[in-house]
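Engineer: One predicted model, sequence on top.
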Amino acid sequence: LSSSSAASDVYKRQDLAAAINPKGGTPSYTYTAATTGCTAPTGAVGTISSPTMAGSLVSYTAPSTPGLYYYCVTVCDAAASPLRQCKTVTVPVNVVNTPVFPCVNSVYLSRFDSVNNNTRIVKLDYTPTGVTLTLIGTSPVHLNSIAYNTVDSKMYGVDTRGYLMVVSNSATNTITDVNSTPISGLPATSTNYWDYNVGGFYNGDLYVQAVNTNSTLYRINISTNTATAVTLTGTVGGGLDLGDMTYNSLLNAFVGFDNSTKKMVTINPTTGAVNYATFVNSGIAEMGAVFSAVGADNTAYIYGLDGTTNIFYQFDLTAGPNYGRAFQVYDDTFPAITEYDGAHCPTAPLTFPVDLSVTKTAGSSTYVQGQTVTFTVTVENHHPITAVNNVAVTDNIPAGLSNVTFYAVPTPGAITSVSINSTSPSSGNISDKAYIPPGGKIVYHITATATSSQPITNTASIAIPSNFTDANINTNSSSVTITAAVCYKP
């Protein structure tokens, strides 16, 4: 017999009649909690305190610490003494932790409600048809700098009073103070809720930035309720205007967006050293929430949300001139967010739905050896909301074709790494990394010389990064076959 419990405040019930299934003697059976007479299971760390019996039903409060526990039950048959038979049995209970916020695909936002003068924490889930919003908790005071702690799977934030707050789950719908006093070592606060507007966890400590202290981060030990200053170095203009930051274990740094320079930045959490990305994202109004993720392929991903436009961006982490470039990933019509912050489990993937297809066609189904043949490859994004970056477009030219050249024609907003000039085309195999917005497409025009007299089959394919899920993978490859024309003597 074994049972498990999710948390210490969950009252558990078990039917021992079904679990123990006593046999022999005279039915019916009685069940009584016992304190002695049974043996502790191997590896047990303690007993279940004061189980309550109601017939064959036993109820208990699960311990708060995970581990193997047990309690004892004496089972007796209905025979009268001296024929009555009793046996004391051990009932093991395996207590496991159920995280308040499981490390999953969801992202979380703090949203200031100016009507009710409070802060609401909402959960965002990205679905094939749009984003869903779920209320997680409400803070009676202004709360910001929320961040996900992978050590205990909880979210924390700092309010205007300088108090550390923990975000509850949706069952209680409340956000509570961790301690009865403000965090020691934080700079003085005012009445604005954005006094501490940046939050991220590293090694179990919460790092925040206070308004008007752009050259400093504060490392908060959530166990001792104390903060230590971390001076930022290498900044432009004397500091960083961060809306948010997040720690990524693969990059071994905090990553944020500097709203002054419009650049992605990385911050060493130990030394405070700041490095700026190459690309200037001049089109972004304000990046108030930044999220870190690790893909199924163990690749680092960084995202940001512009709450004034509801556009969710992905940052290009490829070294070169586009390093730090923000590409639109997702856009939806939920209400614009003002005065907000974000959190996501940084070791979990963050995936978005998409629907891509590739179609390969030939200019003619037949060819004449030694003459020119043409093909087109059309890659299209059918999803109405999701844009996709780093789509791998591949077309390996088969034997029987030579002098192969090609160029691409992207629709507005789509980006390709190959030539888009028909008079100065690329050559050889197509190996592109493309960005395709919702409803966009790229058409590749291929020209070659046929050198074979046998059927020639040409296949084009696409592959998407691990942070996207394609609704129809059957459309991710397309082939076309052309055959040599037959000539008849008159």
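Structural biologist: Thanks, I have it.

Engineer: Not counting residues beside it along the chain, what's closest to the residue sitting nearest the centre point of the chain?
Structural biologist: Closest to where the C-alpha atoms of the chain average out (CA atoms, centre = their mean) is residue 350, at 2.9 Å. The shortest distance from residue 350 to any non-neighbouring residue, by CB to CB, 6 or more residues apart in numbering, is to residue 293 (3.8 Å). From N, CA and C alone the C-beta is placed, and that goes for glycine too.

Engineer: follow-up on the earlier one: return the residues in contact with the residue nearest to the centre of the chain.
Structural biologist: Going by CB atoms under 8 Å, 6 or more residues apart in numbering, residue 350 touches 105, 107, 291, 293, 301, 303, 344, 467.

Engineer: Dump those to JSON lines, plus distance to residue 312 and neighbour count.
Structural biologist: Shown next, in JSON lines, are those (distance: CB to CB, whole Å; neighbours: other CB atoms under 10 Å):
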{"residue": "105", "distance to residue 312": "13", "neighbour count": "17"}
{"residue": "107", "distance to residue 312": "9", "neighbour count": "24"}
{"residue": "291", "distance to residue 312": "9", "neighbour count": "24"}
{"residue": "293", "distance to residue 312": "12", "neighbour count": "25"}
{"residue": "301", "distance to residue 312": "12", "neighbour count": "22"}
{"residue": "303", "distance to residue 312": "6", "neighbour count": "25"}
{"residue": "344", "distance to residue 312": "11", "neighbour count": "26"}
{"residue": "467", "distance to residue 312": "12", "neighbour count": "24"}
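
Engineer: ok, the residues you listed vs residue 264, which is closest?
Structural biologist: Distance to residue 264, by CB to CB, is smallest for residue 303 among these, at 10.9 Å.

Engineer: what's the closest non-adjacent residue to the closest one?
Structural biologist: That would be residue 291: by CB to CB, 6+ apart, it lies 4.5 Å from residue 303.

Engineer: Let's verify the one you found: helix, strand, or coil?
Structural biologist: strand (DSSP: H, G, I helix; E, B strand; the rest coil).

Engineer: what's near enough to touch it?
Structural biologist: The contact partners of residue 291, by CB under 8 Å, 6+ apart, come to 107, 246, 302, 303, 304, 305, 342, 343, 344, 346, 350.

Engineer: could you dump the residues you listed to JSON lines with pLDDT and distance to residue 463?
Structural biologist: Formatted as JSON lines, the contacts of residue 291 follow (pLDDT from 0 to 100; distance: CB to CB, whole Å):
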{"residue": "107", "pLDDT": "88", "distance to residue 463": "25"}
{"residue": "246", "pLDDT": "93", "distance to residue 463": "27"}
{"residue": "302", "pLDDT": "93", "distance to residue 463": "21"}
{"residue": "303", "pLDDT": "91", "distance to residue 463": "21"}
{"residue": "304", "pLDDT": "89", "distance to residue 463": "25"}
{"residue": "305", "pLDDT": "85", "distance to residue 463": "27"}
{"residue": "342", "pLDDT": "87", "distance to residue 463": "29"}
{"residue": "343", "pLDDT": "91", "distance to residue 463": "30"}
{"residue": "344", "pLDDT": "91", "distance to residue 463": "25"}
{"residue": "346", "pLDDT": "91", "distance to residue 463": "25"}
{"residue": "350", "pLDDT": "87", "distance to residue 463": "19"}
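
Engineer: give me the beta-bridge partners of the residue nearest to residue 350?
Structural biologist: Beta-bridge pairing for residue 293 (DSSP bridges): residue 301.

Engineer: wouldn't it be in contact with residue 301 here?
Structural biologist: Yes. Using CB atoms under 8 Å, residue 293 makes contact with residue 301 at a distance of 4.3 Å.

Engineer: hang on, the earlier thing: tell me both backbone torsions, phi and psi, for the residue nearest to the centre of the chain.
Structural biologist: The phi/psi pair for residue 350 (degrees, to the nearest 10) reads phi -130, psi 110.

Engineer: do the same with the one 10 residues further on
Structural biologist: Phi and psi for residue 360, reported as degrees, to the nearest 10, are phi -110, psi 130.

Engineer: Do I have it right that it meets residue 480?
Structural biologist: Yes. Judged on CB under 8 Å, residue 360 makes contact with residue 480 at a distance of 4.8 Å.

Engineer: More neighbours: which of those two?
Structural biologist: Ranked by neighbour count (other CB atoms under 10 Å), residue 360 and residue 480 place residue 360 first, with 20 against 17.

Engineer: measure that one to residue 398 for me?
Structural biologist: 12 Å (CB to CB, to the nearest Å).

Engineer: which neighbours do those two share?
Structural biologist: Residues touching both residue 360 and residue 398 (CB under 8 Å, 6+ apart) are 458, 459.

Engineer: quick one: buried residues of stretch 466-482?
Structural biologist: Within stretch 466-482, the residues scored as buried using 16 or more other CB atoms under 10 Å are 467, 468, 469, 470, 475, 476, 478, 480, 482.

Engineer: now, the most widely separated pair of those residues?
Structural biologist: 467 and 482 (36.9 Å).

Engineer: Secondary structure element holding residue 109?
Structural biologist: Element membership of residue 109, judged by DSSP states H and E, is strand 107-113.

Engineer: what angle do that strand and strand 289-294 make?
Structural biologist: Interaxial angle, strand 107-113 versus strand 289-294 (axes from the mean of the first three to the mean of the last three CA atoms, to 10 degrees): 170 degrees.

Engineer: Sheet partners, orientation included, of strand 107-113?
Structural biologist: For strand 107-113, pairing defined by DSSP bridges yields strand 118-127 (antiparallel), strand 340-343 (antiparallel).

Engineer: Check the offset of that strand from the chain's centre.
Structural biologist: Strand 107-113 sits 16 Å away from the centroid of its parent chain (CA atoms, centre = their mean, to the nearest Å).

Engineer: Which of the residues in it are classified as buried?
Structural biologist: 107, 108, 109, 110, 111, 112.

Engineer: was I right about residue 96 contacting residue 66?
Structural biologist: Yes. Judged on CB under 8 Å, residue 96 makes contact with residue 66 at a distance of 5.5 Å.

Engineer: Counting neighbours, go ahead and name the busier of the two.
Structural biologist: Between residue 96 and residue 66, counting by other CB under 10 Å, residue 66 is the more crowded of the two (15 against 11).

Engineer: List the contacts of residue 458.
Structural biologist: By CB under 8 Å, 6+ apart, the contact set of residue 458 is 360, 362, 375, 395, 397, 398, 401, 479, 480, 481, 482.

Engineer: So for stretch 88-100, mean pLDDT?
Structural biologist: For stretch 88-100, mean pLDDT rounds to 81.

Engineer: how about that stretch: buried residues?
Structural biologist: Per 16+ other CB under 10 Å, stretch 88-100 contains these buried residues: 88, 89, 90, 91, 92, 93, 94, 95, 100.

Engineer: got a list of what residue 482 touches?
Structural biologist: Residues near residue 482 by CB under 8 Å, 6+ apart: 362, 364, 365, 366, 367, 373, 450, 455, 456, 458.

Engineer: contacting residues around stretch 298-307?
Structural biologist: With CB under 8 Å, 6+ apart, stretch 298-307 has contacts from 109, 244, 246, 248, 250-251, 255, 257, 264, 284-295, 311-315, 317, 326, 329, 336-338, 340, 342, 349-350, 465-467.

Engineer: Noted, bye for now.
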